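>>> Next one to model:
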Amino acid sequence: MTVIEEAFDLRWRRRTSVEMAISGTIGLIASFVLSIEAWQLAQDASANFVCDISSVLSCSAVALTPQAHVLGFPNAFLGIFFEALVLALSFALCAGVRFPRWYMRAANVLYLIAICFAYWLFLQSYFVIHVLCPWCLLITVTTTLVFAGLTRINIREGVIPSSEGLRHFVARGYDWAITGLLLFLILAMLVAGYGVALLG
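Here you go, the predicted structure:
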């Protein structure tokens, strides 16, 4: 790799890690808000919040369901853990830290679990509970962006075994189309399933 190529690779890595850090920060804020609301609901189950916008957009309604306490405590605490983890990793990557392959693979697997959990909660809200939590939707979006960024770095740098074609696909930025498609599908599902009911 030439000096110019190495400098370009470093800039690309930093840009991706900054994108991850921004998404992680937004997700962390949302998780903190949800954890505070969970604490308030534990004291008063009839409490209402700013995010209780309509009959189908309500944080408090979702927070009172069993799906909001899968492990026996509010899911928001898991969000704080995962977002804090990705923030630490993102800042380190931005600073140029090179982690061992096993560490980056472990981080990717851990965040794969996080995104699967986020999408499971979204599908539960959509198909089972029939009420959506705005903060949870935001976390689903940020988790998608973080997972995409981390996977992008690991594929491009050969941490995740992949073909030359896939690495070229990622290096060209074409993987953003997949990320965008996932987010578009979520939006399409919301509009198709609830339409104007989202507004009240």
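
>>> contacting residues around the residue positioned nearest the centre of the chain?
Centroid-nearest residue in the chain: Thr143, 0.6 Å away (criterion: Cα atoms, centre = their mean). The neighbourhood of Thr143, defined by Cβ atoms under 8 Å, 6 or more residues apart in numbering, consists of 23, 27, 82, 111, 114-115, 118. C-beta here means a position set from N, CA and C on the backbone, and glycine is covered the same way.

>>> min pLDDT across those residues, which one?
pLDDT across the contacts of Thr143 is lowest for Phe82, at 88.

>>> still on that earlier bit, which element, helix or strand, includes the residue nearest to the centre of the chain?
helix 134-156 (DSSP states H and E).

>>> Off-centre distance for that helix?
When C-alpha coordinates are averaged (Cα atoms, centre = their mean, to the nearest Å), helix 134-156 and its chain have centres 4 Å apart.

>>> elements contacting the helix or strand just after it?
Note on helix 134-156: by DSSP H and E, the next helix or strand toward the C-terminus is helix 164-171. Secondary-structure packing of helix 164-171 (3 or more Cβ pairs under 8 Å, 6 or more residues apart in numbering; DSSP states H and E): helix 134-156.

>>> With just CA atoms, put the helix it packs on into PDB.
C-alpha atoms of helix 134-156 as PDB (Å, rounded to 0.1, in the frame of the first residue of the first chain):
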ATOM      1  CA  PRO A 134     -40.600   6.700  18.900                       C
ATOM      2  CA  TRP A 135     -37.400   6.400  20.900                       C
ATOM      3  CA  CYS A 136     -37.200   2.700  20.200                       C
ATOM      4  CA  LEU A 137     -37.700   3.400  16.400                       C
ATOM      5  CA  LEU A 138     -34.800   5.800  16.700                       C
ATOM      6  CA  ILE A 139     -32.600   3.200  18.400                       C
ATOM      7  CA  THR A 140     -33.500   0.700  15.600                       C
ATOM      8  CA  VAL A 141     -32.200   3.200  13.000                       C
ATOM      9  CA  THR A 142     -29.000   4.100  14.900                       C
ATOM     10  CA  THR A 143     -28.300   0.400  15.600                       C
ATOM     11  CA  THR A 144     -28.700  -0.300  11.900                       C
ATOM     12  CA  LEU A 145     -26.200   2.500  11.000                       C
ATOM     13  CA  VAL A 146     -23.700   1.400  13.700                       C
ATOM     14  CA  PHE A 147     -23.800  -2.200  12.600                       C
ATOM     15  CA  ALA A 148     -23.400  -1.200   9.000                       C
ATOM     16  CA  GLY A 149     -20.400   1.000   9.800                       C
ATOM     17  CA  LEU A 150     -18.700  -1.600  11.900                       C
ATOM     18  CA  THR A 151     -19.300  -4.400   9.300                       C
ATOM     19  CA  ARG A 152     -18.100  -2.100   6.600                       C
ATOM     20  CA  ILE A 153     -14.700  -1.500   8.400                       C
ATOM     21  CA  ASN A 154     -14.300  -5.200   9.100                       C
ATOM     22  CA  ILE A 155     -15.000  -6.300   5.500                       C
ATOM     23  CA  ARG A 156     -12.800  -3.600   4.000                       C
END
